[in-house]
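Undergrad: Turn this into a model:
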Amino acid sequence: QLASLTTMEEGDLSKYVNAGKVVCLNADKSTQPGSIVSGLGLLKSDTDEQIIIVIPFTEKVKIRSVAVTAESKGDVDGAPKVVKLFKNQENLDFNDAEDAEPTAELELSKDDVKSGKVKKLKFTKFQSVETMTVFIESNQGDEEQTFLNNITFYGMPIQGTNMSELKKSG
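TA: Model (predicted):
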């Protein structure tokens, strides 16, 4: 039996993302990878539909859910469909990302990406996250180019947990 915990409010982790250090493989040069983690930006793929985005956090976080938004004048054909998340694996290339076991795999619907629907993750798998590598494997309409406007993670920084109150009651 754990005593009740006093934790900081869970919420949008955007302010803990190091936007200037976001790295993207196969990004169209005219788009800014960092723009999609701090509001509505635009990121497009370059040579094919796959994109790898490495998102570093400024401190360790726990992640409970994620939302992906991609909508262009009502069109979502190029929006992400199969998205794989890898915790603390910042050096993946496309071969690795296709072969490795992701920490989580999401299949997004057109409605999910239009509305930026929050998708729950297995909280126990996303403790102590320093970087999140996002592999967008395919898009909604099998288009050559994938695009997205925003990816937001929800959870809390680890320092927000008051460890002194984690004592077992009993």
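Undergrad: Centre of the chain to stretch 28-41, how far?
TA: 13 Å (C-alpha atoms, centre = their mean, to the nearest Å).
Undergrad: do the same with stretch 73-90
TA: Distance, stretch centre to chain centre, for stretch 73-90: 8 Å (C-alpha atoms, centre = their mean).
Undergrad: can you give me the end-to-end distance of that stretch?
TA: 33 Å (C-alpha to C-alpha, to the nearest Å).
Undergrad: Pull out the buried positions in that stretch.
TA: Buried residues in stretch 73-90, counted by 16 or more other C-beta atoms under 10 Å: Val76, Asp77, Gly78, Ala79, Pro80, Lys81, Val83, Lys84, Leu85, Phe86, Lys87, Gln89. Placement of C-beta: from N, CA and C, glycine included.
Undergrad: got it, and stretch 31-47?
TA: Residues 31, 33-38, 41-46 are the ones in stretch 31-47 that count as buried (16+ other C-beta under 10 Å).
Undergrad: hang on, isn't Val83 packed against Leu106?
TA: Yes: here Val83 lies in contact with Leu106, judged by C-beta atoms under 8 Å, at a distance of 4.7 Å.
Undergrad: shared neighbours of the two, anything?
TA: Applying C-beta atoms under 8 Å, 6 or more residues apart in numbering, one finds that Val83 and Leu106 are jointly contacted by Val68.
Undergrad: What ranges does this protein have for its helices?
TA: Taking DSSP state H as the criterion, the chain contains helices spanning 94-99, 110-115.
Undergrad: rewinding a little: rebuild the buried residues of stretch 31-47 as TSV, extending it with distance to Asp112 and pLDDT.
TA: What follows is those, written out as TSV (distance: C-beta to C-beta, whole Å; pLDDT from 0 to 100):
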residue	distance to Asp112	pLDDT
Thr31	21	91
Pro33	21	92
Gly34	23	93
Ser35	21	94
Ile36	16	96
Val37	18	94
Ser38	21	83
Gly41	19	94
Leu42	18	95
Leu43	17	96
Lys44	19	96
Ser45	19	97
Asp46	24	97
